[in-house]
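**Q** Dropping a prediction and its sequence here:
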Amino acid sequence: AQSVTQLDSQVPVFEEAPVELRCNYSSSVSVYLFWYVQYPNQGLQLLLKYLSGSTLVKGINGFEAEFNKSQTSFHLRKPSVHISDTAEYFCAVTPRGGGYNKLIFGAGTRLAVHP
Amino acid sequence: DTAVSQTPKYLVTQMGNDKSIKCEQNLGHDTMYWYKQDSKKFLKIMFSYNNKELIINETVPNRFSPKSPDKAHLNLHINSLELGDSAVYFCASSRAHTGELFFGEGSRLTVL
């Protein structure tokens, strides 16, 4: 079975500051890793994903994440945030080769960007 | 064109009633899902269908019954609604082996 822990439930940050949202996972098999974003009153949208290859992956809106297998982490970063980045961010995993994409989500991190 | 659309967006009803939420995707995906998001924003998978066949059925009360008339539609029917069923229900779809889910905007169910 898999589980995902997002270490911060809320992250307040000032506009143009850097931010890191932390995600650790647990799994007995290899996994694919994802970050999704949920803007207020909307569905989830994929930010980025790690399937294989380079451990540093770039996504939309200037976000990037680094897969660290030894630390079983997949932290999300952005060098300079905007007010519009205020949203809920979810880390998720699914077993490799599972085929049917049963995503297991973390509890979410609320990013609040202040002017 | 909305890729994954759900109706209704808001649903307010009394305990004990039966209600349905409909979902349609126009992405040509083979797999569709229902997720439940509780008041603390926690997301949990409920069901998944692949080409109209049920492939994931988490420990959901049997008051919840999904139905997939074709691979573009996945509906959720809930019998004898309880207060604890209040949540936002998200429909999603995907191609196999990609891990990328496309979500609808959610249906907020409030049981009084």
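**A** Nice, thanks for sending it over. Numbers count the residues shown, from 1 in each chain, chains lettered A, B, ... in the order given.

**Q** which one is the closest residue to chain A within chain B nearest to, not counting chain neighbours?
**A** Going by Cβ to the nearest Cβ, chain A is nearest to B:F103 of chain B, at 3.5 Å. Where C-beta positions appear, they are placed from N, C-alpha and C, glycine not excepted. Counting by Cβ to Cβ, 6 or more residues apart in numbering or on different chains, B:F103 lies nearest to A:G43, which is 3.5 Å off, once chain neighbours are set aside.

**Q** go on, A:K58?
**A** What sits nearest to A:K58 in space, not counting adjacent residues and going by Cβ to Cβ, 6+ apart, is A:E64, at 4.8 Å.

**Q** again with B:G106
**A** Setting aside the residues directly before and after it, B:G106 is nearest to B:V88 in space (Cβ to Cβ, 6+ apart), at 4.5 Å.

**Q** Also B:L43?
**A** Spatial nearest neighbour of B:L43, excluding adjacent residues (Cβ to Cβ, 6+ apart): A:F105 at 4.3 Å.

**Q** for chain A, which spans come out with low pLDDT?
**A** Regions of chain A meeting the criterion pLDDT under 70 cover residues A:98-101.

**Q** What strand or helix carries the residue most central in space within it?
**A** By Cα atoms, centre = their mean, chain A has its centre lying nearest to A:W35, at 3.2 Å. Taking DSSP states H and E as the criterion, the element that holds A:W35 is strand A:31-38.

**Q** Tell me which strands that strand pairs with, and in which orientation.
**A** For strand A:31-38, the paired strands and their directions (DSSP bridges) are strand A:44-50 (antiparallel), strand A:87-95 (antiparallel).

**Q** that older thread, ok, the residue of chain B closest to chain A - how many residues close by?
**A** In terms of burial, B:F103 registers 23 neighbours under the definition other Cβ atoms under 10 Å in any protein chain shown.

**Q** got the phi/psi numbers for it?
**A** Torsion angles at B:F103 (phi, psi; degrees, to the nearest 10) stand at phi -100, psi 150.

**Q** And A:I60, by the same measure?
**A** Recorded main-chain torsions at A:I60 are phi -80, psi 160, according to degrees, to the nearest 10.

**Q** can you tell me which residues contact the residue lying closest to it once chain neighbours are set aside?
**A** Distances taken as Cβ to Cβ, 6+ apart place A:L47 nearest to A:I60, at 5.9 Å, with adjacent residues excluded. Neighbouring residues of A:L47 by Cβ atoms under 8 Å, 6 or more residues apart in numbering or on different chains: A:F34, A:W35, A:Y36, A:V37, A:G59, A:I60, A:N61, A:F63, A:L76, A:Y89.

**Q** Surely the fourth one touches A:T86?
**A** No: with contact defined as Cβ atoms under 8 Å, A:V37 does not count as touching A:T86 (10.2 Å).

**Q** Output stretch A:62-80 in CSV with nothing but the alpha carbons.
**A** Included here for stretch A:62-80 are C-alpha records, laid out as CSV according to Å, rounded to 0.1, in the frame of the first residue of the first chain:
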residue,chain,number,x,y,z
GLY,A,62,7.0,28.1,-13.0
PHE,A,63,6.8,25.2,-10.5
GLU,A,64,9.4,22.4,-10.3
ALA,A,65,9.8,19.4,-8.1
GLU,A,66,12.7,17.1,-7.3
PHE,A,67,12.3,13.3,-6.8
ASN,A,68,14.6,12.0,-4.1
LYS,A,69,14.4,8.2,-3.9
SER,A,70,16.6,7.8,-0.9
GLN,A,71,14.5,10.2,1.2
THR,A,72,11.3,9.2,-0.5
SER,A,73,10.4,12.8,-1.1
PHE,A,74,9.0,14.9,-3.9
HIS,A,75,9.1,18.5,-2.8
LEU,A,76,7.6,21.3,-4.9
ARG,A,77,9.4,24.6,-5.4
LYS,A,78,8.9,27.9,-7.0
PRO,A,79,11.6,30.7,-6.9
SER,A,80,9.1,33.6,-6.9
